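A.B. asks: Sequence and predicted structure are below.
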Amino acid sequence: MADNEQIELDILGQVCPACLLVVLRTINEHRDLLKDGAASLVVKTDHRDTTRTVPESAAKMGYQTMVRKKGSYYEIIISSG
Amino acid sequence: MKSSSAAAETGSEPTVAPSAEAGEAAGQSAEIERLRAENAQYAHYIRSKTNQLLQVMGTQPLRPEEFDDRQLLSLDPIGIIAGSFEQVLEHVNDTISQLSEARDELQAIFDATGVGISIIDNDFRVIKCNEKQRELLVDRDLAAVAGRYCYNVYCQRDGPGLDCPAMETFATGKPVMVREVQKRNKYFQVISTPFARDLQGEVTRVIEVSLDITEKKRAEQEEQRQRGFYLTEKLKFATVLESLSEGLLVVDTAQRVVSANTAAATIIGRNKEELMARELSSLFTMLSASDDGKGLAAAGEGICNFEITHARDDGSRLLAVNSVPLQDAGASSIGRVLTIRDITEEKQRRETYYRAEKLAAVGQLSAGLAHELNTPLGSILGYARLLLRQDNFTAEQRDRLALIAQQAKKSNTIIQGLLNFARVSTPAGKNESRCDPNRVIGEALQVLAAELGQRGIEVRTALAEVPRVVIDAKQLEQVVLNMLLNSLQAMKESGGDITIATTARGNRLQLSIADNGPGIPPEIQSRIFDPFFTTKEVGEGTGLGLSICSGIINEFGGAIDVDSEIGHGTTFTITLYLEQQL
Amino acid sequence: MLTATPIVLAAAALGLGVLVGNLLYRGDFCMVAMWRDFFLFRQTTLLRIFVLYVLVAAFLFNLGVASGWLLYPPPNLHAASLTTIGGGLIFGIGMVLAGGCVLGTLYKMAAGNLTNGIAFIGILLGSLLYAEIHPQVSAVVAWTTLTTQVTLAENDPMLRGLLLAAILLGGGILVGRWWQRGELQVVAYAEGYLQPWKVVLGLALLNFFYYALTGTPMGVTTAYAKLAGYLASWWWPEHVASLAYFNTESISWRQGEVIISGGAGPQLDYIAYSEGALVGGIFLGALATACYYREFRIYGLPPRRQAVFALLGGVLLALGARVAGGCNVKFFLGGLPLLAWQGIYFTLAAVVGCYLGSEILRRYIIPG
């Protein structure tokens, strides 16, 4: 994780499922980098539901996700695993 | 959902065209209204499709109340999800190729593994079976195993047995292991594991793994047999050790006892348990004290018949010790084996025997010598006496003649003594003789009464009431007289007391004659019973007295012992058998 | 009922409310999604959770009833009438439009969601609206009574027992199977997230305690009406005082020497001490939990059209609840487990309403 690029997606304040679509779009845009393991996507969200919907979809697409709480918001890290 | 969207698609084309042609104001507003409705239907269609696709992706649908249609459309949701689906498909394809790779790997392992594997369904039909399993359990002539009942092909039975591990796994849903199954002269370990379950969680298939443990089993049996053999040998060896009359100790390199037999315990005078783990030097106190470690305790190589004196609770014993180093298979020392023999009695017997031998030899010699000398001495004495009767000698000559006669007479006495000694050494079957020891002592004291009184020696007697003893009265009197004379002579300058005591000890009489004279020096104590050994001036004693006594007592099965301490006196103790009281 | 001392009652109800608010927030509990997701997407996880709730609550409540700890039938349940069904329909539509039931609206509002805040205002407005038509509705209630009994087999303990046993057994087997297949688990990463099955177990227990404490299972909407009446009386005190609804005691029973009663009127009475305290507790509990996880924020100001839906949904929720004589909390969570006729009819009607609401949303409202 240290040697690869981190793509940040800040959707703080937005409501799911708009978040989900935005996250999916971002994953699609960066799919090559993400699949290679050259980059990982860090999503910042403050919506509890997003922590459930994003990992579910990302898993279907073959990504590993890690969710962690950062102060008042969540960070969802999506990588090739 | 579908029907409404279909209507929207088919309905839109024909209606749009004519309304555009009309161009009337009223028609236009109606047109706008219609288009707006259509637009809404499209938006709804896209929303529902998006939701449907999101559902397929396994996540939550859009919430209608949270999302504006225009915003939604501007995001291009279908496009996003199509992109995501592409990735999902890619992921699925990857997974499929990984799965098929894994399946190929598994198949290869399945075929190549050294254990037999088969998959059995809950009808006990074999679904799959690898080559090893077939080789282990199935008849070679049988072509296809799959589809047959496992109890048929594996166990040659008509139904599953109660010991069948697969049956238990089907029933319990847990893995089962049967440690030993004997089939076709081979031993197997069979493990059955649940493999597939139905929706109710019941096991539908099990994997049965058979491991050929025949060689292990054989090795185990061989090991067991050998262990039995070793145990028997060990037991035999232990019995042999126990049956030895010699004591046997095994010590380790630190000189600690690791093994001992009963005889060793008896000889040393301790319990067997007490011996274990004790240091050798602590068992034989003499050893460590007197040896300075150069003897037994340090002996690396074997030593033979090392004699030691061992203090036991019931007296000190003389032990002969052999030591042999003990080595392990690698020739390094692991300790020593000591054999111990109690030679106290043996030594005593041997000494007695030597003395008797010597006495016998002296006796024979003396008898011959005495015989030869008797006649010439008799002539000397006879002629001396004849000459004394003549009157033609001066007084001086007569005195010399008297001296000759006197000395000849003395010589004769010595010769008589020798003859007596020779006579007692010759066995004469006097074992039937009995006498009252107290009476004999009394007579002996009467004979010496004058002598004793003259020297101022007091005699005390402590005579117990005892039965008669097995010995001739004359000879016992001679022994007692000899002893008393010895004591008298020892005390002729110092004066003193003599105590005579008799006691019955079991079937023996103990007769002790004790004086409080100067005592006998230790270095000559062992020689006082030897013939011709004397401490008196030459010509004063024959050196035969005590050796004659010893001879007499030995002849009647008794013993004579001396215990003496310089400055305190000497005690002779005579032991004789008492007449058997019937 | 354990106590009639107002302050003790209110404190206990507040405490239970705080716990309920905590549970709801942490489990993202939503009774609308239960039905809506089932109709729209055939997603049944939440519906299964609801079945689990009904079973556990049915067991606890009926055990309590059989051992005499609980009042039976509870004084806030009545015989069903056509208005139960009509109200249920309106309520169901309102639920979908408002994007949450009366509970969801409350706890999401507490966490700072503005859409739910608007829906809550709608609920207050709807309650006031209902007060105007209360006499007419009451007349309809009286005409169209459907049942003579409050609960199924009310006077036949034997039959009830058999019915309950059958329901518990069948439902238990069903739930057991779902559990075995892991179909009651939801994968989630949010901090402090509680599995829905844990939430409903907690809810069933808390409802049981509330029932034992206050004499009735949980209800919330009369307290909303009371709040609406109280607020309205600031501006139009005479008008509020003249309305029959705010002068009627919706609940009244004799407990030993004491007559316990309360209604929607803007005064402190039994309703204020029980339902009012509970509502306050839920609000505070959810707020406190959101703050604890540092997730409280004012957010989700909706586009104008959505705001209108939310407000309208709130109005319909309140109207439906008032017409039916109770909301989903009383009927889903309390009535169904007790096999109350009102609970059964209301649930069926609300489910249909949910379906209709989804369709209306889809066909007429979204194309604005």
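C.D. replies: Yes, it's here.
A.B. asks: State the number of residues packed around the residue of the stretch 51-200 of chain C found nearest chain B.
C.D. replies: Proximity of the stretch 51-200 of chain C to chain B (C-beta to the nearest C-beta) peaks at residue C:99, 3.7 Å away. C-beta coordinates here come from the backbone N, C-alpha and C atoms, glycine included. Using other C-beta atoms under 10 Å in any protein chain shown, residue C:99 has 29 neighbouring residues.
A.B. asks: My read is that it contacts residue C:118, right?
C.D. replies: No - counting by C-beta atoms under 8 Å, residue C:99 sits too far from residue C:118 to count as a contact (9.9 Å).
A.B. asks: Flag every residue of chain A that's near chain C.
C.D. replies: A:13, A:15, A:46, A:48-49, A:51-52, A:55-56, A:67, A:69, A:71-72, A:74, A:76 (C-beta under 8 Å from any C-beta of the partner chain).
A.B. asks: re earlier: how near is the residue of the stretch 51-200 of chain C closest to chain B to chain A?
C.D. replies: 11 Å (C-beta to the nearest C-beta, to the nearest Å).
A.B. asks: try residue C:298
C.D. replies: Counting by C-beta to the nearest C-beta, the gap from residue C:298 to chain A is 10 Å.
A.B. asks: What is the burial count for the nearest residue to that residue once chain neighbours are set aside?
C.D. replies: Counting by C-beta to C-beta, 6 or more residues apart in numbering or on different chains, residue C:112 is the residue found nearest to residue C:298 once chain neighbours are left out, at 4.6 Å. Here the count is done by other C-beta under 10 Å, and residue C:112 has 18 residues near it.
A.B. asks: Ok, residue B:447 next?
C.D. replies: Neighbour count for residue B:447, taken as other C-beta under 10 Å: 13.
A.B. asks: same question, residue B:570
C.D. replies: 24.
A.B. asks: do residue C:300 as well
C.D. replies: 21.
A.B. asks: Report the central residue of chain B.
C.D. replies: Closest residue to the average C-alpha location of chain B: residue B:259 at 4.7 Å, with C-alpha atoms, centre = their mean.
A.B. asks: Would you confirm that that residue contacts residue B:252?
C.D. replies: No - counting by C-beta under 8 Å, residue B:259 does not reach residue B:252; the two are 9.6 Å apart.
A.B. asks: helix/strand/coil for the one residue in chain C that gets nearest to chain A?
C.D. replies: Relative to chain A, the nearest point of chain C is residue C:189 (3.4 Å; C-beta to the nearest C-beta). What DSSP: H, G, I helix; E, B strand; the rest coil gives for residue C:189 is coil.
A.B. asks: and it, what does it touch?
C.D. replies: A:51, A:52, A:55, A:67, A:74, A:76 (C-beta atoms under 8 Å, 6 or more residues apart in numbering or on different chains).
A.B. asks: make it 10 Å
C.D. replies: When contacts are counted by C-beta atoms under 10 Å, 6 or more residues apart in numbering or on different chains, residue C:189 touches A:48, A:50-52, A:54-55, A:65-69, A:74, A:76.
A.B. asks: could you flag which of these are buried?
C.D. replies: Using 16 or more other C-beta atoms under 10 Å in any protein chain shown as the burial test, these include A:48, A:50, A:51, A:52, A:54, A:55, A:65, A:67, A:69, A:74, A:76 as buried.
A.B. asks: host element of residue B:531?
C.D. replies: Secondary structure assignment for residue B:531, by DSSP states H and E: no helix or strand.
A.B. asks: got the phi/psi numbers for it?
C.D. replies: Main-chain dihedrals, residue B:531, degrees, to the nearest 10: phi -70, psi 150.
A.B. asks: my read: it touches residue B:364, true?
C.D. replies: No - using C-beta atoms under 10 Å, residue B:531 is not in contact with residue B:364, being 11.7 Å away.
A.B. asks: So for these two, which residue has more residues nearby?
C.D. replies: Taking neighbours as other C-beta under 10 Å, residue B:531 and residue B:364 compare with residue B:531 leading, 24 against 13.
A.B. asks: For residue C:52, see how far away residue C:202 is.
C.D. replies: Look at residue C:202 and residue C:52: by C-beta to C-beta, to the nearest Å, they are 12 Å apart.
A.B. asks: check contacts around the closest residue in space to residue B:241 that isn't next to it in sequence.
C.D. replies: Spatially, and ignoring its direct neighbours in sequence, residue B:241 is nearest to residue B:261 (4.6 Å; C-beta to C-beta, 6+ apart). Residues in contact with residue B:261 (C-beta under 10 Å, 6+ apart) are B:238, B:240-250, B:267, B:272, B:275, B:339-340.
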